[in-house]
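[1] A structural model of the following input is requested.
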Amino acid sequence: MPVQCPRRLLVAVAALAACGTPGRPAEPAAPARTVPQEASGPLALPLSDPLHEVLRVETLDRGPGRSLVSAELTPSSHFTECLPSWNVAGSEPFAVEIRTQPEGSERWTPWLLIGDWGVPERAEDVMTACDEARVAVDILEATGPQCRAQLRFLPAGEQPLDPAAIRASAVFTDRRLLDARVTAAAAEPWPLPVQLSVPARSQRSAGEDIGHRICSPTSVAMVTAYHGARVPTRAMAATVHDPSFDIYGNWNRAIQGAYSHGVGGELLRFSSWEGVAAYLRAGRPLVASIRVAPGELRGAPYEKTAGHLLVLTGLGLGGVVLVNDPAASWPGVVPRRYMRADMEQVWFRNGGVAYAFKKEPGVPR
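    Numbering: from 1, shown residues only. Below is the predicted model of the structure:
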């Protein structure tokens, strides 16, 4: 039986005749508030990926309805996918929306809901799709090239959000270039070996009721334990569970969930092993999101999976990728050795999404 952490695709709730709205809406806003450097800097490593570009939110403006709106995020080239993530301090519930501007247009898409926290149930009329783009659970997918994006944070409780308590970033990708980029990655030199000692956990140990569904929180719990925050696997699963879709593998909830346990993080995407090696050399294991067809991942404890997450713990000699695979039946066989070519196929070619975490002083627990 294949292990799966399914990620349901979000069905569009509204079909609009025209996705964009003429010009930028006039939004009364207070002067820009800069996110403190100590909040935006510690997670960042010099990451220069040939395909995926990371931009971090530097300012948040007051918008209507107690919202906080990011400055425009403009990558160096157009994109068809945008993957945001955030760390929001405090216990107040909130929602996050995203909008983009199509290449060559002065119009913006409507605001689309891409995540929330502490919200028990989403409203039925929430907008997640339009003609130019849709949110597929936790990533924005555009029907054509886009040139910039914005994030909007909305309080879902009584108290307003503090801009100084929010750290956010977004990864921009032109999916049309993915296949060519992965082919090029296969010819690049293999980095020098590096290995981290990440405590192993099996998702099966959490019990038969959820053990087959919690690869993401099990992987997150392994990495937070490595950073000194030991959280029981079932407790981490309860933290990151997405009640709207009844899934445990929502990417942005994994990032916010780890932050609630004292470990900051962000979503990244990789298409180069040198970028992976840079994080491992900095003592930062990565949680990789993979998809496996039969025969694609030799040595795995499953034949196939429509969606799975595991921990990258190191790079060995001769193109060996060292991992902790939570699908293994018990912790002693969680550490695995997969081959470079297989991981390029199941990880890079499926988008190269990863969780990157770092223990930080002063993070609320």
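[2] List the buried residues of stretch 73-90.
    73, 75, 78-89 (16 or more other C-beta atoms under 10 Å). Where you see a C-beta, it was placed from the backbone N, CA and C, and this is true even at glycine.
[3] So Pro326, which state does it fall into?
    With DSSP: H, G, I helix; E, B strand; the rest coil as the basis, Pro326 sits in coil.
[4] and Ser70, bridged to which residues?
    Judged by DSSP bridges, the bridge partners of Ser70 are Leu60.
[5] Correct me if wrong: it contacts Leu151.
    Yes: between Ser70 and Leu151 there is a contact under C-beta atoms under 8 Å: 4.4 Å.
[6] Give the residues shared as contacts by those two.
    Both Ser70 and Leu151 are in contact with Val57, Ala168, where contact means C-beta atoms under 8 Å, 6 or more residues apart in numbering.
[7] if I look at the most centrally placed residue in the chain, how far off is Arg340?
    With the centre of the chain defined as its mean C-alpha position, the nearest residue by C-alpha atoms, centre = their mean is Leu267, 3.5 Å away. For Leu267, the distance to Arg340 equals 23 Å [C-beta to C-beta, to the nearest Å].
[8] give the contact list for the residue nearest to the centre of the chain.
    Counted by C-beta under 8 Å, 6+ apart, Leu267 has contacts Leu83, Pro84, Ser85, Ser169, Val171, Trp251, Asn252, Ile255, Val353, Ala354, Tyr355, Ala356.
[9] quick check, nearest of those residues to Glu303?
    Val353 (22.0 Å; C-beta to C-beta).
[10] from what I can see the closest one touches Trp251, true?
    Yes: using C-beta under 8 Å, Val353 is in contact with Trp251, at 6.5 Å.
[11] where do the contact lists of these two overlap?
    With C-beta under 8 Å, 6+ apart as the test, Val353 and Trp251 both reach Leu83, Leu267, Ser289.
[12] Please identify which of the residues you listed is nearest to Gly299.
    Distances from Gly299 to the shared contacts of Val353 and Trp251, taken by C-beta to C-beta, are shortest for Ser289, at 18.8 Å.
[13] ok, that closest one touching Val311?
    No: with contact defined as C-beta under 8 Å, Ser289 does not reach Val311; the gap is 11.4 Å.
[14] So these two - more neighbours on which side?
    Val311 (29 against 26; other C-beta atoms under 10 Å).
[15] What residues does that one make contact with?
    So Val311 contacts Val198, Ser219, Met222, Val223, Pro285, Leu286, Val287, Ala288, Val323, Asn324, Asp325, Pro326 (C-beta under 8 Å, 6+ apart).
[16] my guess is it is in a helix, correct?
    No: if the criterion is three-state DSSP, then Val311 is strand and not within a helix.
[17] What is the nearest of the contacts of Leu267 to Pro110?
    Pro84 (16.4 Å).
[18] in a helix, that's where the closest one is, yeah?
    No: the assignment for Pro84 (three-state DSSP) gives strand, which keeps it out of a helix.
[19] which residues does it form a beta bridge with?
    The partner residues for Pro84, given DSSP bridges, come to Ala170.
[20] Check it and give its pLDDT.
    Looking at Pro84, its pLDDT reads 98.
[21] Mind putting the contacts of Val311 into CSV with distance to Val96 and pLDDT?
    Formatted as CSV, these follow (distance: C-beta to C-beta, whole Å; pLDDT from 0 to 100):
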residue, distance to Val96, pLDDT
Val198, 29, 98
Ser219, 23, 99
Met222, 26, 98
Val223, 23, 98
Pro285, 26, 98
Leu286, 23, 98
Val287, 20, 98
Ala288, 23, 98
Val323, 30, 99
Asn324, 30, 99
Asp325, 31, 99
Pro326, 27, 98
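[22] Give me the subset of those residues that lies in strands.
    Taking DSSP state E as the definition of strands, the contacts of Val311 contribute Leu286, Val287, Ala288, Val323, Asn324.
[23] how many neighbours does Gln101 have?
    20.
[24] Quickly run through the sheet partners of whichever strand or helix holds it, with directions.
    Under the criterion of DSSP states H and E, Gln101 resides in strand 94-102. Here strand 94-102 is paired, per DSSP bridges, with strand 112-117 (antiparallel), strand 139-155 (antiparallel).
[25] deepest of these, which one?
    strand 112-117 (a mean of 23; mean count of other C-beta atoms under 10 Å).
[26] Just give me how far it sits from the chain centre.
    How far strand 112-117 lies from its chain's middle: 13 Å, per C-alpha atoms, centre = their mean, to the nearest Å.
[27] Next SSE downstream of it?
    Following strand 112-117 toward the C-terminus (DSSP H and E): strand 133-136.
[28] Give the other helices and strands that that following strand contacts.
    Applying 3 or more C-beta pairs under 8 Å, 6 or more residues apart in numbering; DSSP states H and E, one finds that strand 133-136 contacts strand 112-117, strand 139-155.
[29] which of the buried residues of stretch 73-90 sit farthest apart?
    Top of the distance list for these (C-beta to C-beta): His78 and Ala89, 33.1 Å.
[30] how does this structure divide up, domain by domain?
    Using automatic domain parsing, the domains assigned to the chain come out as 33-178, 185-359.
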